[in-house]
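Asks: Generate a structure from the sequence data that follows.
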Amino acid sequence: MARPPMVVLVLVFLGGAASVAPARAAAPLQLFYRVSHSVVGDVGWYSCTVEPLGNGATQVNAREHIDVRMLGISVYHLDASNTERWAGNRLISFQAVSDKADGRIEISGEAKGDHFTVTSPQGSLTTAATVHPAEPCAANFLQSTTVLHPD
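Replies: From the prediction side, this is the model:
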């Protein structure tokens, strides 16, 4: 898991970057985290790129690789990626792929009127329009009352 002090610092920086992005040239912001476990040490990484698209739109691309090994044997493995499209502070679309030991899962979501619809292999779910993905690259995710996690 990411070290909390580092995550808080990055989130504060990202929130500040999001508020001044319209005044600057559209340059992507890239963040990279190492993931460590208190017993087994480094177990992977998480990265995201926040790219301003113009007109208040933003795209966030996140990737995650976790491989927990004990005595050389993998006891947990995850490869995941997601792409988010934002219009201001509203999530417009979400595409995610997770590949774990129990298989591959694809999830998609789309803003529709005053709600957000998520579609997974288990079916569809309609939630609040204010939903935010559970990841540190969305500028205001700490203020959300509804969180989306691909698992």
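
Asks: mind listing what residue 110 touches?
Replies: 92, 93, 94, 116, 117 (Cβ atoms under 8 Å, 6 or more residues apart in numbering). Just so you know, the C-beta spots here come from the backbone N, C-alpha and C atoms, and that holds for glycine as well.

Asks: and it, bridged to which residues?
Replies: The partner list for residue 110 in beta bridges (DSSP bridges) reads residue 93, residue 117.

Asks: circling back to that earlier point, give me the buried entries from the contacts of residue 110.
Replies: 92, 94, 116 (16 or more other Cβ atoms under 10 Å).

Asks: On the three-state scheme, the residue nearest to the spatial centre of the chain is what?
Replies: Note on the chain: the residue nearest the mean C-alpha position is residue 135, at 3.8 Å, using Cα atoms, centre = their mean. What DSSP: H, G, I helix; E, B strand; the rest coil gives for residue 135 is coil.

Asks: Backbone torsions only: list them for it.
Replies: Here is the backbone geometry of residue 135 (degrees, to the nearest 10): phi -150, psi 150.

Asks: what about it, distance to residue 72?
Replies: 30 Å (Cβ to Cβ, to the nearest Å).

Asks: can you check residue 92 too?
Replies: 44 Å.

Asks: neighbours around the closest residue to residue 137 other than its chain neighbours, how many?
Replies: Leaving aside its chain neighbours, residue 137 sits nearest to residue 48 (3.8 Å; criterion: Cβ to Cβ, 6 or more residues apart in numbering). The tally of other residues near residue 48 (other Cβ atoms under 10 Å) stands at 22.

Asks: same deal with residue 43?
Replies: 20.

Asks: That one: helix or strand, and which one exactly?
Replies: strand 41-54 (DSSP states H and E).

Asks: Helix or strand with the lowest mean pLDDT in the protein?
Replies: The helix or strand of the chain with the poorest confidence is helix 4-20; it has a mean of 35 (mean pLDDT, DSSP states H and E).

Asks: Quick one: mean pLDDT over whichever helix or strand comes after that helix.
Replies: Under the assignment DSSP H and E, the closest C-terminal helix or strand after helix 4-20 is strand 29-37. Averaging pLDDT along strand 29-37 yields 90.
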